[in-house]
Structure formats: structure tokens, C-alpha cells
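Colleague: Sequence first, then the predicted structure:
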Amino acid sequence: MRGGADFNRNNLDCLRLILASIVVLFHSSALSELPAFSLLEQYAPRHFAIKAFFVISGLLIYRSYMRSSSVKSYFEKRLRRIYPAYVTVIVLAAISLWTMSSAPLSQYFGWAFWKYLGANLIFMNFLAPSLPGVFTANPSPAVNGALWTLKIEVAFYLLVPLIHYLCARFGAKRTMISIFGLSCLWKYGFAWLARTHSGHGMYSLDPSRNIYGQLEAQFPAQLGYFIAGILLLLYFDKLKYHFAAIAASTACLLVLDVRLTGEYLDVFWIPGVVFVFGFFRYFGNFARYGDFSYGVYIVHWPILQVLIAFGLLRLNPGLFLALALSIVGVVSILIWHLVESRFLARNSHYRRAPESGPS
């Protein structure tokens, strides 16, 4: 079925924008603590979007490495793609939010400010998540809590040359199965420890979960999703003949996982969602409009925080969400055109997309 599917004619840009929008919805609920948004967390897999991002990263980043002329070229493309917009958001937020701080100007631009700037610019957001006197009245004071996944993405980027070498040395199948298995061992091992030692805050700075619960969600637990994406790439020419079987098995695993296991098996069905949505039917050349998903992801949290700090939660929840999504959308488009697109490599498909048309 659909054996003629072409990897280059995919819907992954569209899917990433949808996933980024889902993240905005979940964080709107978490940051606002509005009961009206609670249904989303009750009836939707909470971390589905982020994990699907990791799968897509494995699929596209490994392909980018294989198509790069050198390791240097590969890392240069990765740096150009994520860092300019990231630095822009970090620096602009750090400087502009002094206008909302309850701390004196001299205290705001003191050691805590520079610690925030330094830690966040090297992706160590957990070392300094807040700025002095900013968002202290909000349910969460974090300036941009969504950025925790980027250090994991960077770890994936750094590992790709090693993974490629191991595949060449020991075979792709043996290498991928080994890494996937070790990642699952970490993930499920710490999940078991978290449930066994369920005391909140044990050996942890996060009072909502113990150290095992934190490790369960961190690298290398997420490596399994990245490897799953690489496997979709390596076996694409075989998988493209079995869309119906993949869709059916994905749906069954999703239902069983949500109802029986509490979403512990999502590493086995999320890749199926990505594959079917991304390649079964081509929606058109979405890349010609640009890629706004990254902008949506890195700007939405501080925008939500500002709206909450201004007391806009008093609005109807639907109006609050519409306002937030509108502002996030506009800012993301501006970041794409003013920052991201200007740093793309010359051979980026986003540069070629407007010329290629909808085909």
C-alpha cells in the first residue's frame, strides 16, 4: 500500500508545527492552573508531543549527517539551525523582563542575572531557571521551562557521529538494537525505582518527584525515541509498503498503553504515529512557508508567563488561549524571518522550498 511513497515528499514540517502547538496547549494548562484546561491533561498523553519531536529528530538529523560532506559541515548546520534563535530568545527575555521585576535594578542585573544568562546560553537551564523578582506571583516562576529538552537534543546531535561509526563498525541492526535496549533499560529501571521509592523530593530539588523520577525523563531515557526515528529512516524503503499494518498496530498499542500501562510503552507507538502522518499521504510543500515550529516552542512559555503576570487569566479561558496562540504565532513568524532563515545553510531545503513550488 502506497509503496510509491517518497521520503522527500513528507509532512514532517506540518507535523512539527502541530506538535509545537500541542506543547503550547499543555503548558497553558500547567502554567495557568485553570480548571478549564485540566481535561487536556486527563485525556491526552502528556508528553506525546515532545517524544514525537525526538523521533522526528532521529529521522531527520541522522539523514542530515549522512548527507553532510563532513562532520564539520554537519555540526555547522546544526549550530546554524538552533542556536541563533535560541540566543535571541534567551538574551531578549533576560534584558526585557527587568521591566516586570519586583527587584531593584541593581539587584536584577547582579550575579543572578549573569548566572541565568550563562547557564541558559549553554543549555543548562535547570541551573538558573528564574530571574530576580520575575514571575514571582505566577504559579511557576520559571522564565522558560520548555527549554529543558534542548540539552537532550544537543546530546543527540553530538552522539550521531559516534552512532554512525558504530553502525559501520558493528552493523546498523546490532548497534541500533543495543542502544535502544540500553535506553529502555535506563527508562524503565528508573521508572520502577521512582515507584518503589515514592517519597516526594527524596534526594531531589524538585518537590513533585524524587530523583529517580527525574532521571527517568532525562537523557539517555529519551535516546530510545531518537533511535526509533533513525530506524524509520534506515528501513523506510521496506516500511513504506506496510502503512496499513503500521497504522493498525500503532492504534492498538496506543489504546493498550493509555488504558492499561499508563503510557510506559509510548516508545513503541509514537514512531508509528510519526511515520503514518509523515509519509502516508502528502499534504503539499509546507516548507515553502518556513518552519515556525521551533519558534513556537522556544517563545511560548515566556509569552504565557507574561500574560499570566498581567492578570489576563481573568479573561474567558478561550479568549486567553486565543490571545496567547495569536501572540506566539506572530512572534514565531518574526523570529523565523528575522533570525532563523538568515542563518540557514545555502543547501537547506527551506531555501529551496519557495522555488520548488507545491510539488
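Modeller: Everything's here; your move. Residues are numbered from 1 along each chain as shown.
Colleague: so what does the strand or helix carrying Leu31 touch, helix or strand wise?
Modeller: If you go by DSSP states H and E, Leu31 is part of helix 12-32. Helix 12-32 sits against helix 38-43, helix 48-67, helix 266-279, helix 293-309, helix 317-338, with contacts defined as 3 or more C-beta pairs under 8 Å, 6 or more residues apart in numbering; DSSP states H and E. Where you see a C-beta, it was placed from the backbone N, CA and C, and this is true even at glycine.
Colleague: at 10 Å what do you get?
Modeller: helix 38-43, helix 48-67, helix 266-279, helix 293-309, helix 317-338, helix 349-356 (3 or more C-beta pairs under 10 Å, 6 or more residues apart in numbering; DSSP states H and E).
Colleague: Report how many residues lie close to Ile82.
Modeller: Ile82 has 19 neighbouring residues, counting by other C-beta atoms under 10 Å.
Colleague: I'd say it and Leu150 touch.
Modeller: Yes - counting by C-beta atoms under 10 Å, Ile82 touches Leu150, with 7.2 Å between them.
Colleague: looking at it, Pro271 is touching Phe236, isn't it?
Modeller: No - when contacts are counted by C-beta under 10 Å, Pro271 is not listed as touching Phe236 (11.9 Å).
Colleague: Need the overlap of contacts for those two.
Modeller: Leu59 (C-beta atoms under 10 Å, 6 or more residues apart in numbering).
Colleague: quick one: which of the two has more around it?
Modeller: More crowded of Pro271 and Phe236, by other C-beta under 10 Å: Pro271, with 27 against 16.
Colleague: Identify the residue nearest the more buried one in space, chain neighbours excluded?
Modeller: Ala228 (4.1 Å; C-beta to C-beta, 6 or more residues apart in numbering).
Colleague: Distance-wise, check that neighbour relative to Gly290.
Modeller: As judged by C-beta to C-beta, to the nearest Å, Ala228 and Gly290 stand 27 Å apart.
Colleague: what residue ranges in the protein score low on pLDDT?
Modeller: 1-5, 40-46, 198-209, 263, 351-359 (pLDDT under 70).
Colleague: leaving aside the residues next to it on the chain, what's closest to the residue positioned nearest the centre of the chain?
Modeller: Closest residue to the average C-alpha location of the chain: Ile50 at 4.4 Å, with C-alpha atoms, centre = their mean. Nearest residue to Ile50 in three dimensions, chain neighbours excluded: Thr149, at 5.8 Å (C-beta to C-beta, 6+ apart).
Colleague: Return the helix or strand hosting Leu159 as CSV; C-alpha atoms alone will do.
Modeller: Using DSSP H and E, Leu159 falls within helix 148-170. Below are the C-alpha coordinates for helix 148-170, written out as CSV (Å, rounded to 0.1, in the frame of the first residue of the first chain):
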residue,chain,number,x,y,z
TRP,A,148,14.9,21.6,29.1
THR,A,149,14.5,19.4,26.1
LEU,A,150,17.1,21.3,24.1
LYS,A,151,20.1,20.0,26.1
ILE,A,152,18.8,16.5,25.2
GLU,A,153,18.6,17.4,21.5
VAL,A,154,22.2,18.7,21.7
ALA,A,155,23.3,15.4,23.2
PHE,A,156,21.6,13.6,20.3
TYR,A,157,23.5,15.8,17.8
LEU,A,158,26.8,15.1,19.5
LEU,A,159,26.1,11.3,19.5
VAL,A,160,25.2,11.0,15.8
PRO,A,161,28.8,10.7,14.5
LEU,A,162,29.5,8.0,17.1
ILE,A,163,26.3,6.1,16.3
HIS,A,164,27.2,6.3,12.6
TYR,A,165,30.7,4.9,13.3
LEU,A,166,29.3,2.1,15.5
CYS,A,167,26.9,1.2,12.7
ALA,A,168,29.7,1.0,10.2
ARG,A,169,31.9,-1.0,12.6
PHE,A,170,29.4,-3.5,14.1
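Colleague: Having no further points to raise, I will conclude here.
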